[in-house]
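In: for reference, the sequence and a predicted model appear below.
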Amino acid sequence: MRLSGILNPELAWFLACLGDDDMVIISNARLSIPEETTRIDLAIVPDLPRLLDVLKVILREINVKKAFIPLELKKESQDFYQELKIALANTPVEEIPYSRFKELVKESRGIIRTGEMMARANVALICGSA
């Protein structure tokens, strides 16, 4: 049994399989996920786990060269937006319209679904090489 790092075996395996330029999305509980898209569902109850907590752990596990966040998030939840920007401080971030963000879902290698209930609280990560 592992005593540190990611304990969820499905998530650990998924992250280990990511390569350069692969995209993974960390989503809120509300995001519509296509049936054919790999889904790692971590949601337990509303707001557990929080997206920011999951993001911080994942950023310790993989190399991320770029992130995309919904443009509307800044206006709709300034506090969450600021926390997200702090968590991604070492990563270039591009803000895109939510309509474009939803298109990224189809292009992603997989979705890590959290219990986050805030609307549009999603982030797409582009993996880099080590």
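Out: Cool, the structure landed. Numbering: from 1, shown residues only.

In: where does this protein have low pLDDT?
Out: Applying pLDDT under 70 to the chain flags residues 1, 130.

In: let's see it at 50
Out: Across the chain, not a single residue meets the criterion (pLDDT under 50).

In: give me phi/psi at the residue nearest the centre of it?
Out: Geometric centre of the chain, nearest residue: Ile26, 1.9 Å, by CA atoms, centre = their mean. With angles defined as degrees, to the nearest 10, Ile26 sits at phi -100, psi 120.

In: ok, which stretches of this structure are helices?
Out: Under the criterion DSSP state H, the chain carries helices at the ranges 9-16, 51-61, 73-76, 78-87, 98-107.

In: tell me the buried residues in the shortest one?
Out: Think helix 73-76. For helix 73-76, the neighbour count (16 or more other CB atoms under 10 Å) marks 73-74 as buried. Heads up, the C-betas are built off the backbone N, CA and C, glycines and all.

In: give the other helices and strands that that helix contacts.
Out: The contact analysis (3 or more CB pairs under 8 Å, 6 or more residues apart in numbering; DSSP states H and E) places helix 73-76 against helix 78-87.

In: dihedrals phi and psi, Val29?
Out: Residue 29: Ala, not Val. Per-residue torsions, Ala29: phi -70, psi -10 (degrees, to the nearest 10).

In: swap in Pro46?
Out: Backbone dihedrals for Pro46, given as degrees, to the nearest 10, come out at phi -50, psi 130.

In: does it touch Asn28 like I think?
Out: No: counting by CB atoms under 8 Å, Pro46 sits too far from Asn28 to count as a contact (10.1 Å).

In: between these two, which one's more packed in?
Out: Asn28 (20 against 9; other CB atoms under 10 Å).

In: please tell me how far the residue nearest to the centre of the chain sits from Leu3.
Out: According to CB to CB, to the nearest Å, Ile26 and Leu3 sit 24 Å apart.
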